[in-house]
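# please find the sequence and the predicted model below.
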Amino acid sequence: MTNKVMLYCVLDKQGGIETHIKSLAKCLKSAGVEVTVAAKWVKEPEQYESYFKGIGVRLVYSRLSRKVFALGVPNKLASVLLNLMAELTFRKELKIHSFDVVSINATGFFGARLSRYVKPKSGFITYHEHQTVQHLDKVNPKLISVLNDMSFVTVNSSVDHNKLSDLLEVKTKVYLLPALASGEISLPALNQKNNKSQLFRVAFVGNVGASEKGAHKLLYLWRLKKIQDMHLTFYGPHSDVLGDIADLTSVKFAGPFALKDIASVYGNIDLLVHPADNESLGLVLIEAMAHGVPFVATHVGGIIDIAFENSNVLTVQNNIEDIYQGILQMRKRLEMGEIDSSALQAEYEKKWSANILGKRWVDRLKGI
C-alpha cells in the first residue's frame, strides 16, 4: 500500500497545476496517505502554507525564491536560479526522506528531468503533463526519453493519451487521469434564467491575454458581425492585450476575480464561450457545468472529452463562422428552454467533480 507520496509542482498562479495539486493532496491525505508537496516556486507562500497546514500536508520549497524576484533579477537569470534552487530542494528532500511514489506535476523538460535524482528507495516515479502533448515530439524530443524511464505517465485527455502512447515505449504505461477541478467549488443555486429585458449574456472566462485561449477571436467576432443584441464580458487578467473597446458598447472587460467570487461570476452568464486553439483539459468548462452554465467551445484537446455525450454543451470547428453559428444555436436552445442546467450539474458530479477524479487518483497511487 502507498503510504508516502511526494508531489512536485509549481505554485505560481490560479490554474490547472495549482487546483490539481491542492485537490489531489487533500484527497490523498483524506485516504490516509502521508503527503509532501515540493514546490519549485510559490507566489503567495503565506496563503499556500496556511492551506496545506490546514489539511495536514507538508509544503517544502526554497525560501530564497522570493528574494530572487525582490532583487529584480532579469527573467532569464531568475528562471535559471529558480530551477537551481528547486533542484537543490528536491534533492535534499529525497536525501532526508523516502517515498513510495514521487509524482512530478509540471509542464516540460525541467520537471521530468528531476527523475534522475529519485533513488530506488523512493519507489515509483510518475509524471503528469498538464499541457497538451499534441506536438510534444516536435517541441522537445528529449522529454520523450526521460518519460520512458517513468513508472507511468498520466495526462488530461484522450487526445493526449493516444498521442503519448504512440510516442513512448510499450513498457511505459500512459493513464488518462485528468487534473482535478478546483476542490473549492460549492454548488450554488442553478443559474437564473436571463431576464428578457436584458441582453443575452455571453462570457469568456480565463487568461484573456493567453493567445491560445482565443479571447481575441470573440472580440474580432463582435466587431465583424457588429453584434449589439448579445452582451460579451471578459472575466480574467491581461485584457489590455486586446486593445481599446470604446467602439463596442456591448463588450465589457470585467478584469480578474477571486476564487471566492466564482459563483457570482457564473451566476451572471447565460453562455460561456471558449474558442481555444488547444486545451489540455479546460477547467473553466468544468466550473461552468458545476454552476449550471452551458458552453460553446472548439473541438480540441480535453474539451472533446468534457463534451462527449453531453447534449447540453456544444463543440465547433476552430474558425470564426462556426464559433458564431455555435453561439447562435446555443442561444436559441436556451431561449427555447432546451438546455437543462440541472443535467449539467449532474454531469459535473458524475464525471468531473474533485470527489470523483480524486478517487481515481487515490486508487491509482494506492494501487501501486
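Yep, it's here. Quantities reported herein were computed from a predicted structural model and do not represent experimental measurements. Numbers count the residues shown, from 1 in each chain.
# start and end of stretch 114-126, how far apart?
End-to-end distance of stretch 114-126 (CA to CA, to the nearest Å): 11 Å.
# show me what contacts the spatially closest residue to residue 65 that is not a sequence neighbour?
Spatial nearest neighbour of residue 65, chain neighbours left out: residue 41 (5.4 Å); criterion: CB to CB, 6 or more residues apart in numbering. Using the backbone N, CA and C atoms, a C-beta is placed for each residue, glycine as well. Taking CB atoms under 8 Å, 6 or more residues apart in numbering as the criterion, residue 41 is in contact with 10, 11, 12, 61, 65, 82, 86.
# relative to residue 23, which of those is nearest.
Closest approach between the contacts of residue 41 and residue 23, by CB to CB: residue 11, at 13.2 Å.
# count of neighbours near that closest one?
Using other CB atoms under 10 Å, residue 11 has 22 neighbouring residues.
# the host helix or strand of the residue nearest to residue 65 pairs with which strands, and in what direction?
Using DSSP states H and E, the element containing residue 41 is strand 34-42. Strand pairing for strand 34-42, using DSSP bridges, gives strand 4-11 (parallel), strand 58-60 (parallel).
# the one helix or strand residue 142 maps to packs against which elements?
According to DSSP H and E, residue 142 maps onto helix 141-147. Applying 3 or more CB pairs under 8 Å, 6 or more residues apart in numbering; DSSP states H and E, one finds that helix 141-147 contacts helix 109-113, helix 136-139.
# now with 10 Å, please.
If you count contacts as 3 or more CB pairs under 10 Å, 6 or more residues apart in numbering; DSSP states H and E, helix 141-147 packs onto helix 109-113, strand 124-129, helix 136-139, helix 158-167.
# how far away is residue 259 from residue 47?
Distance, residue 259 to residue 47, by CB to CB, to the nearest Å: 11 Å.
# repeat that for residue 212.
For residue 212, the distance to residue 47 (CB to CB) stands at 27 Å.
# then residue 332?
Distance from residue 332 to residue 47, by CB to CB: 43 Å.
# mind listing the shared neighbours of residue 259 and residue 47?
Shared contacts of residue 259 and residue 47 (CB atoms under 10 Å, 6 or more residues apart in numbering): none.
# now do the buried residues in stretch 45-58.
Neighbour-count burial for stretch 45-58 flags 45, 48, 51, 52, 57 (criterion: 16 or more other CB atoms under 10 Å).
# out of the strands paired with strand 34-42, the one nearest residue 296 is which?
With respect to residue 296, and counting by CB to CB, the nearest of those is strand 4-11 at 30.8 Å.
# C-terminal to the closest one, what's the next element?
For strand 4-11, the following helix or strand on the C-terminal side (DSSP H and E) is helix 16-30.
# chain center to that following helix, what's the gap?
12 Å (CA atoms, centre = their mean, to the nearest Å).
# what do you get for stretch 272-286?
9 Å.
# same check, this time on stretch 204-212
Distance, centroid of stretch 204-212 to centroid of chain: 13 Å (CA atoms, centre = their mean).
# which other residues reach the host helix or strand of residue 67?
Residue 67 is part of helix 65-70, with elements assigned from DSSP H and E. For helix 65-70, the external contacting residues (CB under 10 Å, 6+ apart) are 12, 39-43, 45, 62, 73, 75, 77-82, 85-86, 89.
# average pLDDT across it?
For helix 65-70, the mean pLDDT works out to 72.
# that one: how far from the chain's middle?
Counting by CA atoms, centre = their mean, helix 65-70 is centred 26 Å from the centre of its parent chain.
# next secondary structure element downstream of it?
Downstream of helix 65-70, the first helix or strand assigned by DSSP H and E is helix 75-96.
# can you list the domains in this protein?
Per the record, the chain has its domains at 4-183+354-366, 200-351, by automatic domain parsing.
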